[in-house]
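> The following comprises the amino acid sequence and a computationally predicted model.
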Amino acid sequence: MAAPRRPSGGGVRRAPQDGRLEEINKEFLCDPKFSDEEDLEEKLAVFKEKYMEFDLNNQGEIDLMSVKRMMEKMGVPKTHLELKKMISEVTGGVSETISYQDFVNVMLGKRSAVLKLVMMFEGKANESNPKPSGPPPERDIASLP
């Protein structure tokens, strides 16, 4: 009898990463630079979930293809050059991948990075534009452009 299959993308493989990201969150909570930030603990929890959602290889870094998928999922596809520029903006040009610390620094920072703006408006766009369910409405020839 075969062993039951585990669903991919979570569980055991995510546990070490979850612990690492939680440690980084604690560093941000203890950092006096962010002591005046409202609801810091809740924000960090949301950032951690978003980061883990897009860290597709569970390596603790978001690479170019992960950012590409993230932007496509949000309905804002970008070219490879635009994505490289976004990653460079987040990392300061030092790396080709986005670490969790870089990600949180951008999200909490005063600068308005492209990634920060897109991530902030993703939630607002999803709230105000619920996706219609079911088949599309019937159209006639006169209503076509």
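Perfect, I can see it now. Since this is a predicted model, take the numbers as computed values, not measurements. Residues are numbered from 1 along each chain as shown.

> Where does pLDDT dip in this protein?
Applying pLDDT under 70 to the chain flags the ranges 1-15, 110-132.

> rerun at 80
Using pLDDT under 80 as the threshold, the predicted model of the chain has low-confidence ranges 1-18, 34-37, 56-59, 74, 76, 109-134, 136-137, 139, 143-145.

> what's the helix or strand for the spatially most central residue of it?
The structure's the chain has its C-alpha centroid closest to Lys50; by C-alpha atoms, centre = their mean the separation is 4.1 Å. Following DSSP states H and E, the helix or strand that holds Lys50 is helix 40-54.

> Now do the contacts for Thr97.
Residues touching Thr97, when contacts are defined by C-beta atoms under 8 Å, 6 or more residues apart in numbering, comprise 61-64, 87, 91. C-betas here are computed from N, CA, C, even on glycine.

> among the residues you listed, who's most crowded?
In terms of neighbour count, Ile62 stands highest of the contacts of Thr97 at 25 neighbours, by other C-beta atoms under 10 Å.

> residues in contact with that residue?
Contact criterion C-beta under 8 Å, 6+ apart gives 51, 54-55, 70, 97-98, 103 as the residues in contact with Ile62.
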